[in-house]
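In: turn this into a model:
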Amino acid sequence: MSATTLISLFPNKKITLVGSPNIKTVGVGESTVGNINNWMQLVGIEGDEFMPHADSTYKLSIGFEDFYRKGSGRFHYPFGGVNMEGNRAGLNDWYFKKILYPETPLSDYAECMFPSMALVTENKISKNKEGALPDFDFLRSTAYQFDAVKFGLWLKEHYCLPRGVNHILAEVKEAPLGSDGIEHLVLDDGRKISADLFIDCTGFSALLIDKTLKEPFEPYEHILPNNSAWATKIPYEDKEKELVNYTNCTAIANGWVWNIPLWSRMGCGYVYSNRFISDEEALDEFKQHLKEKGYKNVEDLEYEHIPMRVGTHTRTWVKNVCAIGLSGGFMEPLESLGLNTTMSFLYLLVRTLQRDRVSQWDRDVFNAACKSRYKGSAEFIALHYALSHRDDSEYWREISTREFAPALMKEGVEPRPSTNQFMTAVYDKMEMHEFRPTEGFHCIATGMNWFPTDMPAVVYSNCNNNIDIKNEFESSVRRLGQKKNHWRQIVKDWPSHYQFLKENFNQ
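Out: Residues are numbered from 1 along each chain as shown. The predicted structure follows:
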């Protein structure tokens, strides 16, 4: 992806990729979020081009199962636009629906607010060219699930090599240092590679930024609890049913399990903390979960163990080395943000390189922007733990006693409800105003039974107005249900996810 981005934006520069033939790629990046479309637009790739080659499927949402409590069920954080049509004064009327009808399930929130949830619920998909489903723009409302290794190979064969990227299969044995950083790379065949800028894409080993330049690493274990994963590949039994259009995350005793449906198989993994369970015990727990989900031949599957270094380097661009991907930093893939971080950092990198000559100011600005984006993403992931009420294991009980606020609240910043920062939104929970759905915060908070308003807040804030919630909001609440049912009627005859992929890509 780095070579693709650089050769696209700087076609007249010499781009060389040194790749080891012996070091295996860490395959944690099979699920993406919406900004992959921004990156593909930047480099000139159409989604339809790579999908048949990368085992790809579409992704409309992320499901979170049993995160609030054990057995609490699934809620969604869907992509795409929010439909506010008919809501009273532009407010998010769903919260008043919950006040009036407390038995309303938490999953109903996304179904009432996001038209794309009709597709998720029915496991359908369409490019919606006629605009029948409101606020569902295919390009902005979809992401991809794919085999990251196959995607990388497609980029190499169909994009990088035809455009002149020099690909060398060799291992880096030495990287001598000079006053400006790395002088050159010494390969295992004796060759020396010199460059103006070295991009460190060596994964968790961080060969250049860490082992050579010794840039300090800042762990995020204070807010992100997990540090290990087991991964496996599961064959389909009923492909049309199991090939859903979302990534699912299920909380279990010592972490959570991902399920990513690709075209030919499902990718599945258990992210956990080895502070509470050994690697061997975690594997047994993972297998037991798969058996309980009804998967067959669980003992015959191949399992790969992935130690995770969660955190980021103090600086990701030091002298003439810029770290991209896992070498720069990593956060557990609960919100599928691994490749998102890669794309964001690449975007910032090429914008910096547009100036042609890079100064220390440019590097400092790049580092500050990357650190801010990384920290914001980590805070959002931490929200999934901070709001959980699970207490069925030592792992979840420890999480419930963590002090998230001191770690996440920015000193000197007055909390305001109009912002979407994690802790500012948390501290303004009891405010009745400014609770319009913005990005993912409201989806996660609502799925965890934590609302920006409730009956005590309404009464407390309107003691002199004698507001009658039922009379004020009954019609708009009824309209929410009508819209949800209307959207499902629109898509009921659309092709299933499986049928759409089979018809369009003949996979």
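
In: quick check: closest non-adjacent residue to the residue nearest to the spatial centre of the chain.
Out: The residue lying closest to the centre of the chain (Cα atoms, centre = their mean) is S336, at 2.3 Å. Once flanking residues are discounted, S336 sits nearest to S31: 4.1 Å by Cβ to Cβ, 6 or more residues apart in numbering. All C-beta spots, glycine's among them, are computed from the backbone N, C-alpha and C.

In: was I right about that neighbour contacting L334?
Out: No - in this structure S31 lies outside contact range of L334 using Cβ atoms under 8 Å: 10.4 Å.

In: more neighbours, those two?
Out: S31 (29 against 23; other Cβ atoms under 10 Å).

In: what about M117, distance to H497?
Out: 14 Å (Cβ to Cβ, to the nearest Å).

In: average pLDDT for the lengthiest helix in the chain?
Out: As assigned by DSSP state H, the longest helix anywhere in the chain is helix 360-386. For helix 360-386, mean pLDDT rounds to 91.

In: can you check stretch 449-466 too?
Out: 74.

In: what ranges does the stretch 201-350 of the chain have for its strands?
Out: Ranges of strands within the stretch 201-350 of the chain are 217-219, 228-234, 246-252, 255-261, 266-272, 303-307, 311-313, 317-318, 321-323, 329-330, based on DSSP state E, counting those that start in this stretch.

In: which among those strands is found nearest to E379?
Out: strand 311-313 (12.9 Å; Cβ to Cβ).

In: strands paired with the closest one, and their directions?
Out: Strand pairing for strand 311-313, using DSSP bridges, gives strand 217-219 (antiparallel), strand 329-330 (antiparallel).

In: so which of the ones you listed comes closest to F198?
Out: That would be, of the strands paired with strand 311-313 and by Cβ to Cβ, strand 329-330, which comes in at 17.4 Å.

In: what's the mean pLDDT across stretch 265-273?
Out: Stretch 265-273 comes out at a mean pLDDT of 96.

In: should've said stretch 1-18
Out: 97.

In: got a list of contacts for it?
Out: 39, 42-45, 152, 155-156, 159-160, 163-168, 170, 172, 185, 187, 193, 195, 199, 201, 324-325, 339, 342-343, 346-347, 349-350, 353-354 (Cβ atoms under 8 Å, 6 or more residues apart in numbering).

In: so where's the stretch 51-200 of the chain shaky on pLDDT?
Out: 89-91 (pLDDT under 70).

In: rerun that using 80 as the cut-off
Out: 86-91 (pLDDT under 80).

In: please enumerate the strands of it.
Out: Using DSSP E, counting those that start in this stretch, strands in the stretch 51-200 of the chain cover 57-59, 61-65, 74-78, 143-145, 166-169, 172-174, 177-178, 181-182, 185-187, 192-193, 198-200.

In: how near is S2 to N504?
Out: 30 Å.

In: list the contacts for the closest residue to C322 other than its chain neighbours?
Out: In space, C322 comes closest to I199 once its chain neighbours are excluded; the distance is 5.5 Å by Cβ to Cβ, 6+ apart. By Cβ under 8 Å, 6+ apart, the contact set of I199 is S2, L6, V321, C322, A323, I324.

In: please apply the same query to K293.
Out: By Cβ under 8 Å, 6+ apart, K293 has no neighbours at all.

In: do the same with P115
Out: The contact partners of P115, taken as Cβ under 8 Å, 6+ apart, are G80, G81, N83, L133, P134, D135, F136, W487.

In: quick one: which of those is most hemmed in?
Out: Result: F136 is most packed of the contacts of P115 (other Cβ under 10 Å), 28 neighbours.

In: before we move on, the earlier item: from the contacts of stretch 1-18, which would you call buried?
Out: Buried positions within the contacts of stretch 1-18, assessed by neighbour count (16 or more other Cβ atoms under 10 Å), are 39, 42-43, 45, 152, 155-156, 159-160, 165, 170, 172, 185, 187, 193, 195, 199, 201, 324-325, 339, 342-343, 346-347, 349-350, 353.

In: nothing else from me, thank you.
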